[in-house]
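**Student:** Output the structure for:
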Amino acid sequence: AENGSTPSGVVTTFVAGQTITIKLSETIFHPGHYRVALGLTGPQDLPAEPPVDAGTTACGSAPIDPNPAFPVLADGLLVHTSALQGKQTIEVTLPADKTCTNCTLQVLEFMSNHGLNMPGGCYYHHCATINVVAPDGGTPNPDGTTNMPSKTGCGCSSVEVASLGVAFLFLARRRRKPQIPRS
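**Tutor:** Here you go, the predicted model:
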């Protein structure tokens, strides 16, 4: 773990294509933004951190991809130059065609105008272990894709990272209308 904390061992299960809610509280202000990615077989499948251009500090700026491709689910979330007030909410949609067991959901926090952390550099890494199951009886393939039925359908620290300045990562299931199987 990046900050020496012990992972909670909690694994949450979601459905492929489901929109999930991530709640976080930034307890120590850092200007910057967040990125969410999914490693299908664990942290080793997470993308590299974006390159950082130094400014007046080692952590000047990092690019935001306005059209991220898997394994990045969203980038440039909660861009801020002043302190975030209270708990923040991010919603991301899991890929509809991918399933996994014990995969890693990562929220990467870029901190600008900041010195380098050891480890982590200009980033804090927040991770949760999740399962993503196939909707409506789809069957997972070994490559992580899902055969959909004919109807529609880390370097990481643990989730307890308050000592890093972010009390983080509560995943909530978003209510989903039950789907009635078609014959």
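**Student:** Which positions within stretch 61-74 qualify as buried?
**Tutor:** Neighbour-count burial for stretch 61-74 flags 61-62, 68, 71-74 (criterion: 16 or more other C-beta atoms under 10 Å). In short, each C-beta sits where N, CA and C put it, glycine included.
**Student:** if I look at Gly42, how far off is Gln106?
**Tutor:** 10 Å (C-beta to C-beta, to the nearest Å).
**Student:** Would you mind telling me which of those two has the busier surroundings?
**Tutor:** Gln106 (26 against 15; other C-beta atoms under 10 Å).
**Student:** so which helix or strand takes in the more buried one?
**Tutor:** Gln106 is part of strand 100-111, with elements assigned from DSSP states H and E.
**Student:** what element comes up after that strand heading to the C-terminus?
**Tutor:** Downstream of strand 100-111, the first helix or strand assigned by DSSP H and E is strand 123-133.
**Student:** could you dump that next one to PDB, C-alpha only?
**Tutor:** Taking C-alpha atoms only, strand 123-133 is exported to PDB below (Å, rounded to 0.1, in the frame of the first residue of the first chain):
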ATOM      1  CA  TYR A 123      -0.300  11.400  -7.900                       C
ATOM      2  CA  TYR A 124      -2.200   9.700  -5.200                       C
ATOM      3  CA  HIS A 125      -3.500   6.200  -6.000                       C
ATOM      4  CA  HIS A 126      -6.800   5.100  -4.500                       C
ATOM      5  CA  CYS A 127      -8.100   1.600  -5.400                       C
ATOM      6  CA  ALA A 128     -10.900  -0.800  -4.700                       C
ATOM      7  CA  THR A 129     -11.200  -4.400  -5.600                       C
ATOM      8  CA  ILE A 130     -14.500  -5.100  -7.400                       C
ATOM      9  CA  ASN A 131     -16.200  -7.800  -9.400                       C
ATOM     10  CA  VAL A 132     -18.100  -7.000 -12.600                       C
ATOM     11  CA  VAL A 133     -20.600  -9.700 -13.600                       C
END
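**Student:** Thank you, goodbye.
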